[in-house]
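Visitor: sequence? don't have it. structure:
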């Protein structure tokens with residue numbers, strides 16, 4: 001009888017062990033399942049490239065790492081609308097688990113292709129509700145959420161006034177085809193006018209317009225504000241080249257634009273915008289519903305200065321801005 005009890009006990013242990021092993025194996029398989037994320041970038045320029053890198057970092061922090069449980073498919077539309085459409089549709093038809101849109105045109109194209117189904121994460125999209133991508137930032141609705149990339153415009157104005165305190169006219173350059181750029185440019189203009197500044201808006205349709213428009217602008221204005229606008233950002237070197245010839249400083253909205261020749265900025269990290277979007281993407285992949293997942297903002301910025309540019313223009317940067325840039329921001333030399 002004792003032997004029988006011993007055999008039964010042994011069988012119970014074996015069965016229980018097999019059950020636990022099976023459960024562990026199932027859990028392990030679930031944890032190591034590879035998901036596919038399609039990243040669509042409207043065009044190539046440093047600010048968007050930084051967002052892209054941030055997205056990958058955020059996904060990794062959320063537990064999804066390339067080569068382990070994540071496959072990333074990268075596409076760059078090179079500012080071509082037909083590319084945006086075909087690339088977006090390919091992501092969806094391939095059955096990718098989630099897509100990420102970097103810049104408004106990419107986000108809009110992905111949203112259209114997904115048709116309320118495949119999750120779409122916005123990475124640094126200015127005014128996503130105003131562009132019609134989502135219903136509201138608190139409750140985006142359907143399959144879309146992410147990060148908003150609105151610039152800290154009041155701080156931008158403070159930088160403009162600190163660099164050129166006696167400016168007679170501020171020139172603002174933007175592209176009407178870029179919803180975010182238009183939003184930022186016009187909102188900054190209203191803010192500056194309310195502060196008693198005289199402003200003039202200048203528009204560009206493509207990169208070929210930049211040199212001619214910039215020449216007109218620097219002949220009429222003594223400081224230029226370059227908002228977060230994809231076409232402007234991709235043309236910074238041309239814009240700065242013209243402005244330098246007239247000894248007119250260019251004050252942009254992004255840190256990468258300062259690196260490309262802007263003299264100074266109070267900037268939100270583009271990498272951080274991407275990183276937060278990547279972490280949100282990871283949460284959605286784990287099951288968090290997008291419909292009530294509020295759009296997130298990165299509100300803390302830092303001062304960024306370009307000392308080489310200041311020397312070229314013969315401008316002495318304000319001591320407070322220099323100190324802040326050296327302490328917690330960034331200095332390009």
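Guide: Arrived safely. Nothing here was measured: the structure is a model prediction, and the numbers come from that model.
Visitor: And the strands in this protein, which stretches?
Guide: For the chain, the strands defined by DSSP state E occupy 35-41, 70-76, 98-102, 120-123, 144-148, 170-174, 199-203, 223-226, 250-252, 264-267, 296-297, 302-306, 330-332.
Visitor: Take those and lay them out in CSV including mean pLDDT.
Guide: Below are the strands of the chain laid out as CSV (pLDDT from 0 to 100):
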stretch, mean pLDDT
strand 35-41, 98
strand 70-76, 98
strand 98-102, 98
strand 120-123, 98
strand 144-148, 97
strand 170-174, 98
strand 199-203, 98
strand 223-226, 98
strand 250-252, 98
strand 264-267, 97
strand 296-297, 96
strand 302-306, 98
strand 330-332, 97
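Visitor: Most tightly packed of those?
Guide: strand 120-123 (a mean of 33; mean count of other C-beta atoms under 10 Å). (Glycine included, C-beta is placed from N, CA and C.)
Visitor: packing partners for it?
Guide: helix 46-61, strand 98-102, helix 104-114, strand 144-148, helix 270-285 (3 or more C-beta pairs under 8 Å, 6 or more residues apart in numbering; DSSP states H and E).
Visitor: list the helices and strands the second one packs on?
Guide: Based on contacts counted as 3+ C-beta pairs under 8 Å, 6+ apart, the elements that strand 98-102 packs against are strand 35-41, helix 46-61, helix 81-93, helix 104-114, strand 120-123, helix 270-285.
Visitor: by contact count, what packs against the last one?
Guide: Using 3+ C-beta pairs under 8 Å, 6+ apart as the contact test, the elements touching helix 270-285 are strand 35-41, helix 46-61, strand 98-102, strand 120-123, strand 144-148.
Visitor: model confidence over that helix, on average?
Guide: Mean per-residue pLDDT for helix 270-285: 97.
Visitor: what angle separates that helix from strand 70-76?
Guide: 130 degrees (axes from the mean of the first three to the mean of the last three C-alpha atoms, to 10 degrees).
Visitor: ok, now the fourth one?
Guide: With the same axes, to 10 degrees defining the directions, helix 104-114 sits at 120 degrees from strand 70-76.
Visitor: Helix 104-114 packs against which elements?
Guide: Against helix 104-114 (3+ C-beta pairs under 8 Å, 6+ apart) you get strand 35-41, helix 81-93, strand 98-102, strand 120-123, strand 144-148.
Visitor: rewinding a little: any idea which of the helices and strands packed on helix 270-285 gets closest to residue 218?
Guide: Of all the helices and strands packed on helix 270-285, helix 46-61 sits nearest to residue 218, with 22.8 Å by C-beta to C-beta.
Visitor: And the contacts of the closest one?
Guide: 37, 39, 41-42, 65-66, 70, 72, 74, 100, 102-103, 121, 123-124, 149, 228, 230, 233, 254, 256-257, 259-260, 269-282 (C-beta atoms under 8 Å, 6 or more residues apart in numbering).
Visitor: again, only this time at 6 Å
Guide: With C-beta atoms under 6 Å, 6 or more residues apart in numbering as the test, helix 46-61 has contacts from 41, 100, 102-103, 123-124, 233, 254, 256, 270-271, 273-275, 277-279, 281-282.
Visitor: Surely residue 198 and residue 170 touch.
Guide: No. In terms of C-beta atoms under 6 Å, residue 198 does not count as a neighbour of residue 170; the distance is 7.1 Å.
Visitor: And the most centrally placed residue in the chain, how far from residue 49?
Guide: Centroid check for the chain by C-alpha atoms, centre = their mean gives residue 124 as the closest residue, at 3.1 Å. Distance, residue 124 to residue 49, by C-beta to C-beta, to the nearest Å: 12 Å.
Visitor: What residues does residue 35 make contact with?
Guide: Contacts of residue 35 by C-beta under 6 Å, 6+ apart are 70, 97, 285.
Visitor: Show me the domain layout of this structure.
Guide: For the chain, automatic domain parsing gives the domain ranges 32-148+270-297, 153-267+301-332.
Visitor: Which residue comes closest to residue 153 once chain neighbours are left out?
Guide: Spatial nearest neighbour of residue 153, chain neighbours left out: residue 188 (5.0 Å); criterion: C-beta to C-beta, 6 or more residues apart in numbering.
Visitor: And the one you found, how close does it get to residue 118?
Guide: Using C-beta to C-beta, one gets 35 Å for the distance from residue 188 to residue 118.
Visitor: cool, and residue 61?
Guide: 23 Å.
Visitor: go on, residue 77?
Guide: Look at residue 77 and residue 118: by C-beta to C-beta, they are 18 Å apart.
Visitor: Kindly report the same for residue 106.
Guide: 14 Å.
Visitor: go on, residue 296?
Guide: Computed as C-beta to C-beta, the residue 296 to residue 118 distance reads 20 Å.
Visitor: repeat for residue 70
Guide: With distances taken as C-beta to C-beta, residue 70 is found 16 Å from residue 118.
Visitor: How about residue 96?
Guide: With C-beta to C-beta as the criterion, residue 96 and residue 118 are 7 Å apart.
Visitor: To residue 322, which of the helices and strands packed on helix 104-114 lies closest?
Guide: strand 144-148 (29.8 Å).
Visitor: angle of that closest one against helix 270-285?
Guide: Using the same axes, to 10 degrees: strand 144-148 against helix 270-285 is 160 degrees.
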